[in-house]
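Asks: okay, structure incoming, though there's no sequence with it:
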């Protein structure tokens, strides 16, 4: 019995992140060891939340909820940071392919960017990044209104923010991976930017792992039932999964994640007011 601490080992990137694990085996601690700035436990075992008040005496969002607010702002930040990375990598790579001349018959020397696998990918990525940036910006603006009003975001905005994080990161991962395949040995060069692509692996699990968030999106949808604006397929899967127990939920993982994808599609189209462009990627 006791507390065990160990090094997790070296990673390919971000060795300053989560470098240790802690395990508690048969450990019992006195109540006096509990931190109680934001909440405490009374003698009966009931949890007590510390409420804060402003200068006029009005109740504010509790301290613990304020900590939770960072999860929402963090998800928006991760989404936007991923999109900045994707934009930068595509711009840097295009700067190379625009000036890299290729052999062609009759003395022609077209730039590498003219190859269809690259020209079409550049166009697709531009549309996808613009769409995802617009969506993330809407989430940020709506969330800032909540923060300024000292309010928690409603369920709809919480869902929209989760979608921003999942879809932005996945879009960047998939588009950048396709770009890596299209530019050949350039992607292997130090300084090309592709050596930092593993950073998107961090973004995928930061502030809520993407598949965990998708499970929550699906569970929340099934729990409340189909909402206005839901398409026929979303409604059908929602009805199919209602009442499903753990074993059935696991057996129907494909339907669960498809439902989450449909929920994400609906959220993005609602805020952006336009159908999703091709480059917006699906994790499942």
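Replies: Thanks, I have it. It should be emphasised that the depicted structure is a prediction, and the values quoted were computed from it without experimental measurement.

Asks: spatially central, which residue of this structure would that be?
Replies: By CA atoms, centre = their mean, the chain has its centre lying nearest to residue 165, at 2.4 Å.

Asks: how near is residue 160 to residue 256?
Replies: Using CB to CB, to the nearest Å, we find residue 160 at a distance of 20 Å from residue 256. For the C-beta atoms, the positions are set from N, CA and C on the backbone; glycine is no exception.

Asks: follow-up on the earlier one: read off the pLDDT value for the nearest residue to the residue nearest to the centre of the chain once chain neighbours are set aside.
Replies: Among residues not flanking residue 165 along the chain, residue 75 sits closest, at 4.0 Å (CB to CB, 6 or more residues apart in numbering). As predicted, residue 75 sits at a pLDDT of 96.

Asks: cool, the one 3 residues further on as well?
Replies: pLDDT for residue 78: 96.

Asks: which elements pack onto the helix or strand that residue 267 is a member of?
Replies: Here residue 267, judged by DSSP states H and E, is contained in helix 253-272. Where contact means 3 or more CB pairs under 8 Å, 6 or more residues apart in numbering; DSSP states H and E, helix 253-272 is packed against helix 116-148, helix 155-182, helix 210-224, helix 232-241.

Asks: TSV please, covering these and showing distance to residue 8 and mean pLDDT.
Replies: Listed next are the helices and strands packed on helix 253-272 as TSV, based on distance: least, CB to CB, whole Å; pLDDT from 0 to 100:
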stretch	distance to residue 8	mean pLDDT
helix 116-148	31	97
helix 155-182	22	97
helix 210-224	20	96
helix 232-241	36	96
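
Asks: residue 30: which of those helices is closest?
Replies: Closest to residue 30 of those is helix 210-224 (CB to CB; 33.4 Å).

Asks: next, the angle from that closest one to helix 253-272.
Replies: Helix 210-224 and helix 253-272 meet at an angle of 80 degrees, taking axes from the mean of the first three to the mean of the last three CA atoms, to 10 degrees as the criterion.

Asks: how about helix 210-224, which residues are buried there?
Replies: By 16 or more other CB atoms under 10 Å, the buried positions in helix 210-224 come out as 210-211, 213-215, 217-218, 221-222.

Asks: and stretch 173-183, by the same measure?
Replies: 173-176, 178-180, 182-183.
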